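Sequence and predicted structure are below.
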Amino acid sequence: MKLLVTGGAGFIGSAVVRLAVARGHEVVNLDALTYAACLENVAPVAGSPLYTFEEVDIRNCPALDTVFETHKPDAVMHLAAESHVDRSIDGPGDFIETNITGTYNMLEAARAYWSAQGKPDTFRFHHISTDEVFGSLPADPEVMFTEDTPYDPRSPYSASKAASDHLVRAWHETYGLPVVLTNCSNNYGPYHFPEKLIPVVILNALAGRDLPIYGDGANIRDWLYVEDHADALLLVVEKGALGRSYNIGGCNERSNLELVKTLCAILDELRPKPAGSYADQIRFVADRPGHDARYAIDPARIREELGWQPSVSVEQGLHKTVEWYLQNEAWWRALQTRAGVGRRLGTG
Ligand code: NAD
């Protein structure tokens, strides 16, 4: 397939780009290169004849039309977004413009291109979204997000993603655009931008700094290794049923405190301190406003209909992730000087 991947210089998008090229797909990576982007993430495939980069902002409609006309993709995988909840609390405007208006622009550019091609039903617009659109779950482990869970977003980020999901479904129902959607749980792994919890913990631990935990650390997230997410996304764009959405999760629920303690134990093993444990650096800090208590995905649909399952447990994935950060200091050091990185954001 010829895939147009938006946001391919970000964390998840770059994992999709690397995996797609490795599997022999042609990839056009469209990215505006915001503060969250890093072209180093796609360096392993940048020299491939299967790979092309377009520095384009999804808020620029004429540029989007040109990309579609030039490259004539078989499918779009739309990941470009403002993605950091804390930044959405400090400055929601960018989230509205990129996540909502930008997705609208992508839908209109895709619809114009698809119509000009004679509306082939083989075309796909795959919208990549988050489980955060479903809101916050109670502690009961029997209760999980399914594809039928009503939307209840509670942060500017998740509200903007929910709005974009609604637009994508509306373009399918109203114009017949062949869409598929996915809603995924928290990702982690290599190339994770150093403002998100897992890299913050690893890098602060190594620097001897405090390991900040919001509130009491009891908030639960369902963790998925990013390369397993990329594998699921390629499966859905190839085999997903038209108009259908799929929840993707690793069945790996951990409280933030458990997760941080696990990371500390892995660091104690791989890079022991002269004395004590990295867990001694844990500090509880003021909670995030509106902090969702629990996310948990029921991935039964993608498992039963498409045969997908994650390849690694969270323990294996976290081990690989810590090893990657230990081996790739040049990558993360270069990003630590970017605006906002290393500062507490989103205190409201
Ligand atoms: P990221 O912030 O690492 O990357 C986003 C990319 O989009 C960056 O390369 C950025 O430059 C690009 N971008 C931002 N605004 C743009 C614009 N206006 N025009 C063009 N490009 C723009 O994000 P991520 O964590 O890789 O998330 C990718 C997608 O997956 C997002 O849509 C996000 O909502 C979704 N998602 C993320 C997670 C997670 O745990 N990170 C979980 C589920 C879903």
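Great, that's in hand. What you are looking at is a predicted structure, and each value in this text was computed from that prediction instead of being measured.

Give me the neighbour count for residue 192.
23 (other C-beta atoms under 10 Å). All C-beta spots, glycine's among them, are computed from the backbone N, C-alpha and C.

One more: residue 261?
Neighbours around residue 261, by other C-beta under 10 Å: 20.

can you tell me the helix or strand for it?
helix 256-270 (DSSP states H and E).

Please apply the same query to residue 202.
Per DSSP H and E: helix 197-207 holds residue 202.

give the contact list for residue 307.
For residue 307, the contacting residues are residue 235, by C-beta atoms under 8 Å, 6 or more residues apart in numbering.

Tell me what angle the helix holding residue 261 forms with helix 197-207.
When axes from the mean of the first three to the mean of the last three C-alpha atoms, to 10 degrees is applied, the directions of helix 256-270 and helix 197-207 differ by 40 degrees.

following helix 256-270, which helix or strand comes up?
Following helix 256-270 in sequence, per DSSP H and E, is strand 282-285.

and that following strand, what does it pack onto?
Using 3 or more C-beta pairs under 8 Å, 6 or more residues apart in numbering; DSSP states H and E, the elements in contact with strand 282-285 are strand 211-214, helix 256-270.

And the contacts of the longest one?
With C-beta under 8 Å, 6+ apart as the test, helix 256-270 has contacts from 197-198, 201-202, 205-206, 211, 213-214, 216-221, 223, 254, 277-279, 281-282, 314-315, 318-319, 322-323, 326.

Kindly report the residues of this structure close to the ligand.
Applying C-beta under 6 Å from any ligand atom, one finds that the chain approaches the ligand through 6-7, 9-13, 31-34, 36-37, 57-59, 79-83, 98, 102, 128-130, 161, 184, 186-187, 193.

Mark which of the residues you listed are buried, thanks.
By neighbour count, with 16 or more other C-beta atoms under 10 Å, those hold 6-7, 9-13, 31-32, 34, 36-37, 57-58, 79-83, 98, 102, 128-130, 161, 184, 186-187, 193 as buried.

Which of those fall within helices?
Residues of those located in helices (DSSP state H): 11, 12, 13, 102, 161.

Closest one of those residues to residue 296?
Relative to residue 296, the closest of these is residue 161; by C-beta to C-beta it sits at 17.7 Å.

Report the contact partners of the closest one.
81, 99, 129, 130, 132, 133, 153.

Put together TSV for those residues, with distance to residue 268 and pLDDT on each row.
As requested, these are exported to TSV (distance: C-beta to C-beta, whole Å; pLDDT from 0 to 100):
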residue	distance to residue 268	pLDDT
81	35	98
99	39	98
129	36	98
130	32	98
132	32	97
133	37	98
153	38	98
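
Settle this for me: residue 328 is touching residue 190, isn't it.
Yes - judged on C-beta atoms under 8 Å, residue 328 makes contact with residue 190 at a distance of 7.4 Å.

which one of these two has more residues nearby?
Of the pair residue 328 and residue 190, residue 190 is the one with more neighbours under other C-beta under 10 Å, namely 20 against 13.

which residues touch whatever residue of the chain ends up closest to the ligand?
Nearest to the ligand, among the residues of the chain, is residue 10, at 2.0 Å (C-beta to the nearest ligand atom). For residue 10, the contacting residues are 31, 36, 37, 38, 41, 79, 80, 83, 193, by C-beta under 8 Å, 6+ apart.

try it again with 10 Å
16-17, 31, 33-34, 36-38, 41, 79-81, 83, 191-193 (C-beta atoms under 10 Å, 6 or more residues apart in numbering).
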